[in-house]
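Chemist: Dropping a prediction and its sequence here:
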Amino acid sequence: IGKEAIAATHTTPDPFELNYLLGRMVEAGCRHAFMEVSSHSVDQKRIAGLRFKGGIFTNLTRDHLDYHKTVEAYLKAKKGFFDALPADAFALTNGDDKNGRVMLQNTAAAQYTYSLRGMADFKGRILESHFDGTELEINNRQLFVRFVGRFNAYNLLAVYGAATLLGMDKETLLVNMSRLIPVSGRFQTLRSPNGFTAIVDYAHTPDAIKNILTAVHEVLNAKGKVISVVGAGGNRDKGKRPLMAQETVAQSDRVILTSDNPRFEQPEAIIDDMLQGLTPEQQQKVLTITDRRQAIKTAVMLAQPGDVVVVAGKGHEDYQEIQGVKHHFNDKEEIEALFAQMQ
């Protein structure tokens with residue numbers, strides 16, 4: 001608020017904190033508040049009493065099943081947000097996601113879609129991909145953005161659609177989009193002195209891992225190898241662990257399974273759960289190193305010029321949570337320290 005940065009403990013705060021923060025924003029002269037509304041917050045009525053001008057649905061993939069138990073319950077929670085939108089609001093959904101139309105079924109809000117594949121109110125197309133950014137076409141206008149991957153193209157389409165529906169001038173909007181800088185830990189690219197690339201990303205679900213590795217291959221175009229470092233969080237949805245390993249192995253030349261906030265579980269047990277999703281043949285390309293620092297170091301040592309090292313799961317996080325204690329750890333810092341030793 002203003003120049004004050006307030007650390008968040010939840011994606012969506014509890015009702016008291018949320019309304020307190022929104023009240024402070026109004027007092028500070030804020031006219032728009034863009035917030036991520038989590039499925040937990042809808043289910044727990046943390047946003048009760050708020051009147052939204054619009055809602056955006058990006059996609060729905062397996063996540064938070066430790067809380068919702070089933071994908072159907074997870075979908076119902078998401079849909080509950082759109083069902084509650086008033087008639088003077090807009091509902092903007094991803095037309096390429098199978099659940100995009102589901103979100104619109106019972107909403108009173110004005111309905112809009114965005115798409116990279118079919119007809120939509122806001123239509124996009126990827127023209128060219130680089131590790132430095134993407135050439136995009138949105139509603140027949142071209143621009144270069146400093147974001148990589150199809151998933152980011154979808155997000156930018158959602159931004160364009162929402163801003164347009166809120167009345168922003170389209171030319172000004174495109175200029176501002178071209179100036180956007182990716183946040184820390186989201187497809188963050190680091191160049192090594194030895195001629196390979198490292199990418200730090202928050203991907204911690206099967207679909208997110210698939211998206212990040214697909215984006216890497218779109219840029220690489222079979223001109224280098226992909227070495228991936230991946231772990232799964234402790235005391236969370238165990239069902240996604242083998243799926244994460246499957247998605248990683250499917251698009252990587254070498255894989256290192258490691259720790260990622262094991263919390264109160266044993267890292268070895270989590271890695272064993274991940275290995276259950278792989279055939280003996282697939283396991284031949286996998287190394288298991290529970291120490292995340294050593295796992296990253298090993299990946300960097302294996303990389304050759306033209307290769308890509310993907311370190312997924314933590315992204316912007318600056319800690320490793322073990323037995324209730326958060327120890328300082330940041331993937332980007334670890335990679336930068338290794339690169340400094342190469343010079």
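Modeler: Received the coordinates, thanks. Numbering: from 1, shown residues only.
Chemist: CA only for contacts and neighbour counts going forward, please
Modeler: Will do.
Chemist: Just give me the neighbour total for Ser41.
Modeler: Neighbour count of Ser41, defined by other Cα atoms under 10 Å: 21.
Chemist: Go ahead and confirm Phe329 touches His316.
Modeler: No: using Cα atoms under 8 Å, Phe329 is not in contact with His316; the gap is 10.1 Å.
Chemist: in the stretch 1-150 of the chain, which spans are strands?
Modeler: Here the stretch 1-150 of the chain has its strands, by DSSP state E, counting those that start in this stretch, at 54-57, 90-94, 110-115, 122-130, 133-138, 141-145.
Chemist: who does the strand or helix carrying Val249 touch, helix- and strand-wise?
Modeler: Here Val249 sits within helix 240-250, counting by DSSP states H and E. Applying 3 or more Cα pairs under 8 Å, 6 or more residues apart in numbering; DSSP states H and E, one finds that helix 240-250 contacts helix 206-220, strand 226-232, helix 267-275.
Chemist: list the contacts for Ala299?
Modeler: Neighbour list for Ala299: 227-229, 256, 309 [criterion: Cα atoms under 8 Å, 6 or more residues apart in numbering].
Chemist: again, 7 Å this time
Modeler: 227, 309 (Cα atoms under 7 Å, 6 or more residues apart in numbering).
Chemist: if we can go back for a sec, among the strands of the stretch 1-150 of the chain, which is the most enclosed?
Modeler: Of all these, strand 90-94 carries the top mean neighbour count, a mean of 25, counting by mean count of other Cα atoms under 10 Å.
Chemist: what angle sits between that one and strand 122-130?
Modeler: 40 degrees (axes from the mean of the first three to the mean of the last three Cα atoms, to 10 degrees).
Chemist: Note down every partner strand of strand 90-94 and its orientation.
Modeler: Paired neighbours of strand 90-94 in the sheet (DSSP bridges): strand 54-57 (parallel), strand 110-115 (parallel).
Chemist: just to revisit the earlier point, wait, which of the strands of the stretch 1-150 of the chain is closest to Leu287?
Modeler: strand 122-130 (29.1 Å; Cα to Cα).
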